[in-house]
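>>> next input, structure requested:
(2 chains)
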Amino acid sequence: MLFLSPLWLTLSTAALIPLLLHLRRRPRGRMVEFPAARYLARATHDHERSLRARNSLLALLRILLVLLLALAASRPLARIGTGHGRAAVAVVIDNSLSSGAVRNGGSVLEEEKRVARAVLAAATPEDRLSLITADRRVTGGDAATLRARLDSIRPLSGAGDLAGALRTAASHASGIAGASPVTLVATDGQATTWREVGALAPNVIWTPAEPPPDNRAVLAAEPRPARWTGSGVVHLTTRGGAAGDTLAVRIEVDGRTLGRGIVMPDANGVGEVDVTVADPPLGWAAARAVLAPDELAADDERWFASWNAPPPRVVSRAGSFADHAVEALVSAGVIAAGNEVTIAPADAGVATPVLAVAPLDPSRVGAANRALERAGIPWRFGAERRDVSPARGDGVAAVDVRRRYALIPTASIAAETLATVGGEPWVVAGDGYVLVASALDTAATTLPATPEFVPWLARLLGERLGGSGRPATAIAPGESSTAPPGADGLESPEGERWAISDAPARPTRAGVYFWTRAGARIGAVTVNGEAKESVLQRLTDDEMRQRLRPGTLTHDASVAASAAYRGASRRPLGSVLLSAVLAVLLVETLVAAAPGAWRRRAAPAPVQGR
Amino acid sequence: MARPDLLDPALIASLGHIELTARWIVDGFMSGLHRSPRKGGAAEFAEHRAYHPGDELRYLDWKVAARSDRLVVKRFEEETNLRATIALDVSRSMRWRGSDARLEKGAYAARLTAAVALLFIRQRDAVGLLRFDDQIRTAIPPRAREGHWRRIVAGLACPDGGGASGGAAALARAAHAVGRRGMIVLISDLLLDVDETVRAARALRAGGHQLVVLHVMDPAERALEPGSEARFRDSETGIEIEASPAEVGAAYAVTVEAAIAEWRAALAGAGAGYATIMTDAPFGIPLRAAFAARQSAA
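Down below sits the predicted model:
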């Protein structure tokens, strides 16, 4: 027996009330003067057994009444008769990226669809059906509607949210009054997915009987540096293949193959290689690293953004450390000499694009703040901090800061904190500026004297100040990304353009999306499936049972379908129990009110007369 | 106008004192008989007295006049039809009523006694009164004069009583008071010892007396009124019992009916008449029972 509202069973404890009242037997009541008490005593004595039996019967009936009410309130379901009762069936289709893996000529997703069709075929018109995919999209309706929906389901570009889908399914199934809730999950049983999910206890889980295929995948494709100047390198990480194997990989930018490489996996099947990309197109472009196709084609390619631009022309007026670093970068060809980007103390008067640093002399802070205001930089320098604290942030890990100023925002404009000291912003960046809260001098910070200084400066100049834009951000399908300052639109991998307000907040298709400003690309978001999706290893049946605690775990579609409705063969007992309650009430009323056999034992005498 | 003997007893009692209301009741009852209640009114010679002018000549005793040459007239004493004593239970249990809308059993019984006595006196019967609880509280010998009824009414107004019931002794005393064969009317709630009472009834019958028992009951004694669980106490006997009317109501009713049947059968076996009188019943009903008993006795 299944209870839809088991908490109401606690009401059954109220059955103790009539029991206790019965056991209390003779509670002392008020005193009543009654001359015929002798008749009362005789009646009690003469009918003691009958009275006791009647009272016991009444107590039993009242206890039964309470128990039946508690039982009815808990909405029990029980197996009665043949077929199945009205069911609310929610089928979860695991169409995550890994479900596209092909085995024996068909994908796992197709097998899952067969399971779902078998479930739909066994449904009756009274059943409430819903289909939930791994992206938590819910489709409800009759069997025909759901079959049509099944035909249109394709593998997602990522892992999706199977735990959320299962919770959604449970919610839909249990939300239908008068129907037995049934949740069925058809999944490839991928270990990396289900190990993260708690015990959701679906009624039925179907997983493929066949073991997963070997899979080769590009796990990561990282352009180095993020901004190329004429040419660049893509650092690739792959998975699959055995030690000694070689995997051919090619780099495509805007559909043209601009680089090729060979990956040699290690003993764990992981391989890394840097592939040089020669002569990429200027500006932002969609690029991908591609392996030869295998059983799971979706992860044989990995998208990244190609950002190729001329070296920024930079002039430094921020002291000898900055001047020497700029000279080194110009010599390396990373930047060029010129007035496009300025590195200068803020008090010297600045104009974007600029790498503005704090003045070494505290008396210049006022001038520096006025200059920042004139340049439209929404920050000002606050109180001076003279404690020695380590800096935290990308490229400044081994840097100590001795003198700095508190950075105080003057407007609620989006800005990015690149480094902090003592929990306070130390390096912030915005549209056309990077602001450092210390002077680039060893009297203020060890940064100019560290080996990381030149690369740090190169990244800032190349990726944040030279030209428009910033490095591409990488997200998984369904995740959100923050638009860079100044962006007013988004361009999809297929070239579709949206205003920033209309752009999808959580892109689901894999590819490269470009942030645009006035139609020009100023940044990118790369959407790729989670690397864990490429690990096709499955949970064993025992692991699956322990982790998810399903009612039934099967590899057979027909078994899954029949098991799904096994729970639904339980029919609601509410009406039966309520009828029983009414019957017991009637009997209780008759027993309580009827004079019973006593009156029949003695013929009543006439009230008056002789 | 409605006959007072058929009105609600509590209403009648509220209209006047016992003497007045008894007269109304009996008048109403008599008017309902539609015939003279007087029967066998033969006069019995009492004495001679000297003739005075104006005396009816038909009462002259011509035989005496012929023998002694004196004119004397015969005087007669009206012969009574019956000598009766009403034994009224004034024990503690009679001072109870189940509802404020009804008379106490004792009050009902007192009015009934007054009415029965008046009715009998109007039948030229001699009527006496015996009030008793565990002792004889009032003993008024039977007389047939109209003024005697007021004495009975005055006796009914005595406030004493309220002890335990002693029916058997009262019946014996009543028989002694009646003297020759007569009639005894016992008005009681019969919360008495059955065997003793029946033995006394048999003794009365053996002495040639006729006994009629009017069993006065409050309706709440016949059927328990609904209420919560309570401790019921009879302060006359000291019996206490806890009970719930809802639980024992039906069994109680059966027991009471059985007790009534027991009384009826036992008294019938002793040659006594019996009637159950409810205190919400009009006085005409028990009066008719008493009158019927009187008629058969006469």
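
>>> please, where are all the helices along the stretch 351-500 of chain A?
Using DSSP state H, counting those that start in this stretch, the helices found in the stretch 351-500 of chain A span residues A:365-375, A:453-459.

>>> mind putting these into JSON lines with mean pLDDT, distance to chain B and mean neighbour count?
Yep, even glycine has a C-beta here, placed from its N, CA and C like the rest. Formatted as JSON lines, the entries for the helices of the stretch 351-500 of chain A read as follows, by pLDDT from 0 to 100; distance: least, CB to the nearest CB, whole Å; neighbours: other CB atoms under 10 Å in any protein chain shown:
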{"stretch": "helix A:365-375", "mean pLDDT": "93", "distance to chain B": "88", "mean neighbour count": "17"}
{"stretch": "helix A:453-459", "mean pLDDT": "91", "distance to chain B": "90", "mean neighbour count": "21"}
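
>>> tell me the pLDDT of residue 255.
Picked chain A for this. The score at A:Gly255 is 91. That number is its pLDDT.

>>> switch to chain B, that's the one I care about
pLDDT at B:Thr255 comes out at 90.

>>> spatially nearest residue to A:Val66 (excluding sequence neighbours)?
If the residues on either side of it in the chain are set aside, A:Val66 comes closest to A:Ala15, at 4.2 Å by CB to CB, 6 or more residues apart in numbering or on different chains.

>>> and the lengthiest helix in chain B, what's buried?
Scanning chain B for the helix with the most residues, using DSSP state H, yields helix B:245-269. For helix B:245-269, the neighbour count (16 or more other CB atoms under 10 Å in any protein chain shown) marks B:245, B:247-260, B:263-264, B:266-267 as buried.

>>> by contact count, what packs against that helix?
In this structure, helix B:245-269 makes packing contacts with helix A:37-46, helix A:48-73, helix A:597-601, helix B:194-206, strand B:210-217, helix B:219-222, strand B:273-278, judged by 3 or more CB pairs under 8 Å, 6 or more residues apart in numbering or on different chains; DSSP states H and E.

>>> which one of the residues in the stretch 201-350 of chain A is closest to chain B?
The stretch 201-350 of chain A approaches chain B most closely through A:Ala201 (49.9 Å), counting by CB to the nearest CB.

>>> surely that residue is in contact with A:Leu548?
Yes: when contacts are counted by CB atoms under 8 Å, A:Ala201 is listed as touching A:Leu548 (6.8 Å).

>>> the two - which one has more neighbours?
Taking A:Ala201 and A:Leu548 together and counting by other CB atoms under 10 Å in any protein chain shown, A:Leu548 has the greater number of neighbours (21 against 13).

>>> wait, what's in contact with the more buried one?
With CB atoms under 8 Å, 6 or more residues apart in numbering or on different chains as the criterion, the residues that contact A:Leu548 are A:Trp194, A:Val197, A:Ala199, A:Leu200, A:Ala201, A:Pro202, A:Ile205.

>>> from A:Asp541, how far out is it?
Using CB to CB, to the nearest Å, one obtains 11 Å as the distance from A:Leu548 to A:Asp541.

>>> for A:Val401, which residues make a bridge with it?
Beta-bridge pairing of A:Val401 under DSSP bridges involves A:Ser389, A:Thr445.

>>> can you count the residues close to it?
Other residues within reach of A:Val401, judged by other CB under 10 Å, total 25.

>>> check contacts around it.
For A:Val401, the contact set (CB under 8 Å, 6+ apart) comprises A:Val388, A:Ser389, A:Pro390, A:Ala391, A:Val421, A:Trp426, A:Ser438, A:Ala444, A:Thr445, A:Thr446, A:Leu447.

>>> in a markdown table, list these along with neighbour count, pLDDT and distance to B:Asp280.
Listed next are the contacts of A:Val401 as a markdown table, based on neighbours: other CB atoms under 10 Å in any protein chain shown; pLDDT from 0 to 100; distance: CB to CB, whole Å:
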| residue | neighbour count | pLDDT | distance to B:Asp280 |
| --- | --- | --- | --- |
| A:Val388 | 12 | 93 | 108 |
| A:Ser389 | 17 | 93 | 103 |
| A:Pro390 | 14 | 95 | 105 |
| A:Ala391 | 22 | 94 | 106 |
| A:Val421 | 26 | 95 | 103 |
| A:Trp426 | 30 | 95 | 104 |
| A:Ser438 | 25 | 95 | 110 |
| A:Ala444 | 22 | 94 | 113 |
| A:Thr445 | 29 | 95 | 112 |
| A:Thr446 | 17 | 94 | 114 |
| A:Leu447 | 26 | 94 | 113 |
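
>>> taking these together, which two end up most distant?
When the contacts of A:Val401 are compared pair by pair using CB to CB, the two farthest from each other are A:Pro390 and A:Ala444, 14.1 Å apart.

>>> quick one: the helices in the stretch 51-200 of chain A, in order.
For the stretch 51-200 of chain A, applying DSSP H, counting those that start in this stretch gives helices covering A:108-121, A:143-152, A:162-174, A:191-194.

>>> could I get the average pLDDT for the third one?
Looking back up the chat, that one is helix A:162-174. For helix A:162-174, the per-residue pLDDT values average out at 90.

>>> so which other helices or strands are in contact with it?
Based on contacts counted as 3+ CB pairs under 8 Å, 6+ apart, the elements that helix A:162-174 packs against are strand A:87-93, strand A:128-133, strand A:138-141, strand A:180-186.

>>> now render those as CSV, adding mean pLDDT, mean neighbour count and distance to A:Ala226.
CSV is the format used below for the helices and strands packed on helix A:162-174 (pLDDT from 0 to 100; neighbours: other CB atoms under 10 Å in any protein chain shown; distance: least, CB to CB, whole Å):
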stretch, mean pLDDT, mean neighbour count, distance to A:Ala226
strand A:87-93, 92, 28, 38
strand A:128-133, 94, 24, 34
strand A:138-141, 92, 15, 39
strand A:180-186, 89, 28, 41
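
>>> using CSV, lay out the ones you listed together with distance to chain B.
Supplementary listing: the helices and strands packed on helix A:162-174 in CSV, determined by distance: least, CB to the nearest CB, whole Å:
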stretch, distance to chain B
strand A:87-93, 47
strand A:128-133, 49
strand A:138-141, 55
strand A:180-186, 43
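
>>> can you tell me the SS state at the nearest residue to A:Leu490 once chain neighbours are set aside?
Take A:Leu490 and drop its neighbours on the chain: the residue closest to it by CB to CB, 6+ apart is A:Ala503, 3.7 Å away. Under DSSP: H, G, I helix; E, B strand; the rest coil, A:Ala503 falls in the coil class.

>>> of all the residues in the stretch 1-150 of chain A, which ones are close to chain B?
Within the stretch 1-150 of chain A, the residues that sit near chain B (CB under 8 Å from any CB of the partner chain) are A:26-44, A:46-47, A:50-51, A:54-55.

>>> now those: which count as buried?
Buried members of these, scored by 16+ other CB under 10 Å, are A:34-44, A:46-47, A:51, A:54-55.

>>> ok, so of those, who is nearest A:Trp228?
With CB to CB as the yardstick, the closest approach to A:Trp228 among these comes from A:Asn55, at 95.2 Å.

>>> I'd say the closest one and A:His22 touch.
Yes: taking contacts as CB under 8 Å, A:Asn55 lies within contact range of A:His22: 6.5 Å.

>>> look through the stretch 51-200 of chain B and state the residue closest to chain A.
The nearest approach of the stretch 51-200 of chain B to chain A comes at B:Ser93, 3.7 Å away (CB to the nearest CB).

>>> pLDDT score assigned to the nearest residue to that residue once chain neighbours are set aside?
Distance criterion CB to CB, 6+ apart; nearest residue to B:Ser93, sequence neighbours excluded, is A:Pro35 at 3.7 Å. The predicted local confidence for A:Pro35 comes out at a pLDDT of 90.

>>> gap between A:Pro35 and B:Met94?
In this structure, A:Pro35 and B:Met94 are 8 Å apart, going by CB to CB.

>>> now the common contact residues for those two.
When contacts are counted by CB under 8 Å, 6+ apart, A:Pro35 and B:Met94 are jointly contacted by B:Asp189.
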